[in-house]
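> My questions concern the predicted model and sequence given below.
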Amino acid sequence: MKIAVTSQGKELDSQVDPRFGRAAYIIVVNSDNLEFQVIDNDANVNAMKGAGIQAAGNVVNSGAQVLLTGNCGPNAFKALQAGKVAVSNNASGTVREAVKAYLDGKLPHADDSNVEGHW
Amino acid sequence: MIISIASGKGGTGKTTVATNLAISLSQMDVTLLDCDVEEPNAHLFLRPQMELKETVTTPVPQIDEGKCTLCGKCSEICQFKAIVRIADTMLTFTDLCHSCGGCMEVCPSGAISETGRELGVIEKGVKNGLKFIHGRLRVGEAMSPPLIKKVRKMAESSGLTIIDAPPGTSCPVISAMKDTDFVILVTEPTPFGLNDLKLAAGAVKILGIPCGLIINRSDMGDDKVKGFATDEGIPILMEIPFDRKIAESYSRGELIVESIPEYRKKFIDLYDNIQSVVTAGEADL
């Protein structure tokens, strides 16, 4: 399966970025062989508004089935839900560690956004 | 004529000046607009008889999924991600919508219609002949400029309009000051007052509106605010001292002109002073 992880860098050993909409990069990892593609989220980092919605669109288009991140606000959550992407919050460590934690069942899917919308 | 009262820093006395000026001039045709819609408080001092209350909305899009072809033109034009295509569904985020109508304009299949997002309420009242209008932003609504613009639209164009603006220098303040004839900047002689006064005076300058300064609690702090006013050529219109009697009347929700009647003349003089500045400015054009 494809797992999207918000990341501060472009490698599997980069640290997870706890922000979703304004994460530096989103790394989409194939859990079968650990091959990955990097989505540059630069355009959203300084977006005035709607960063989470745009980032969610990118994750949906990447074909990922789940997103691992630190926090996910209500608009992003709604968009991910529409794209049938599950969300697991509280991911930490490196991207590689987060993927492993998810596959080990340590990062359960969230039922709802875990932070308020921010302006 | 429209006079707006702004400050940069909050809590410097905008509402005190606005309410006292308005009530001092209530023999004339005056309307006071409280445009600090996030926390309006002029009514607490004025205690007007409210005559009308209406809920106001702003147009936001609604999608007819039956007609939508998922072409995505609406989400391309939307600068605020208020309407987006995710996989094979269109989503709207109406809280983000700025009501430009672009999505409806570009939709080739007529799938987008207009619905409303509640901005808040507008209340209209009267006190001793003074007309009063204020807006109260809906709790949870993030954008106040649309409501501020609606409050301003409700004022009659004849006579004198006095606008109590919100603090700061961002969009809500600009919405309250824009297209007014004169801005009264209210400040206090403290480092915080001066810092925010500089920002507010900068915004007024960009808008090209003549302005003057009122220094509240003028006998505390230092002389740096006066220095700034001199350097910038901003006239000091009035100084209100840090007077226990004023503080007491404020704490009881009373106007200064009610507890210290001598102030009525000062506020009338303030208006005459502003009127002569505005008239002189018009003569220059």
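Received it, and whenever you're ready, just let me know what you need.
> quick one, strands of chain B?
Taking DSSP state E, the strands of chain B run over residues B:2-6, B:30-34, B:49-63, B:83-86, B:89-92, B:112-127, B:130-137, B:160-164, B:182-187, B:211-216, B:236-240.
> Packing partners of the fourth one?
Think strand B:83-86. helix A:51-62, helix A:74-82, helix B:73-77, strand B:89-92 (3 or more CB pairs under 8 Å, 6 or more residues apart in numbering or on different chains; DSSP states H and E). Backbone N, C-alpha and C define where each C-beta goes, glycine included.
> Export the strands of chain B as CSV, with columns for distance to A:A98 and mean neighbour count.
Output for these, formatted as CSV (distance: least, CB to CB, whole Å; neighbours: other CB atoms under 10 Å in any protein chain shown):
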stretch, distance to A:A98, mean neighbour count
strand B:2-6, 49, 27
strand B:30-34, 51, 26
strand B:49-63, 35, 15
strand B:83-86, 24, 23
strand B:89-92, 27, 20
strand B:112-127, 37, 17
strand B:130-137, 40, 23
strand B:160-164, 51, 24
strand B:182-187, 51, 27
strand B:211-216, 55, 23
strand B:236-240, 59, 18
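> can you put the ones you listed in a markdown table and add mean pLDDT?
Below are these laid out as a markdown table (pLDDT from 0 to 100):
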| stretch | mean pLDDT |
| --- | --- |
| strand B:2-6 | 98 |
| strand B:30-34 | 98 |
| strand B:49-63 | 96 |
| strand B:83-86 | 93 |
| strand B:89-92 | 94 |
| strand B:112-127 | 97 |
| strand B:130-137 | 97 |
| strand B:160-164 | 98 |
| strand B:182-187 | 98 |
| strand B:211-216 | 98 |
| strand B:236-240 | 97 |
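> can you pull the contacts of whichever residue of chain A sits closest to chain B?
Using CB to the nearest CB, the closest approach of chain A to chain B is made by A:G50 at 2.5 Å. Shown in contact with A:G50 (CB atoms under 8 Å, 6 or more residues apart in numbering or on different chains): A:75, B:80-82, B:93, B:96.
> Other residues contacting the lowest-mean-pLDDT helix or strand in chain A?
The weakest-scoring helix or strand in chain A, judged by mean pLDDT, DSSP states H and E, is helix A:42-45 (a mean of 85). Here helix A:42-45 makes contact (CB under 8 Å, 6+ apart) with A:21-24, A:51, A:54-55.
> Pull out the buried residues from it.
For helix A:42-45, the neighbour count (16 or more other CB atoms under 10 Å in any protein chain shown) marks A:N44 as buried.
> Flag every residue of chain A that's near chain B.
Taking CB under 8 Å from any CB of the partner chain, the part of chain A that reaches chain B is made up of A:47-50, A:53-54, A:56-57, A:60, A:75, A:78-79, A:82-84, A:117, A:119.
> Tally up the residues packed near B:L199, please.
When counting by other CB atoms under 10 Å in any protein chain shown, one arrives at 15 neighbours for B:L199.
> How about B:C100?
The number of residues packed near B:C100 is 14, by other CB under 10 Å.
> Can you pull the phi/psi pair for it?
phi -80, psi -20 (degrees, to the nearest 10).
> Mark which of the residues of chain A next to chain B are buried, thanks.
A:47, A:49-50, A:53-54, A:56-57, A:60, A:75, A:78-79, A:82-83, A:117.
> OK, contacts around the closest residue to A:A79 other than its chain neighbours?
Nearest residue to A:A79 in three dimensions, chain neighbours excluded: A:A56, at 3.6 Å (CB to CB, 6 or more residues apart in numbering or on different chains). Residues in contact with A:A56, defined by CB under 8 Å, 6+ apart, are A:20-21, A:76, A:79-80, A:83, A:85, B:86.
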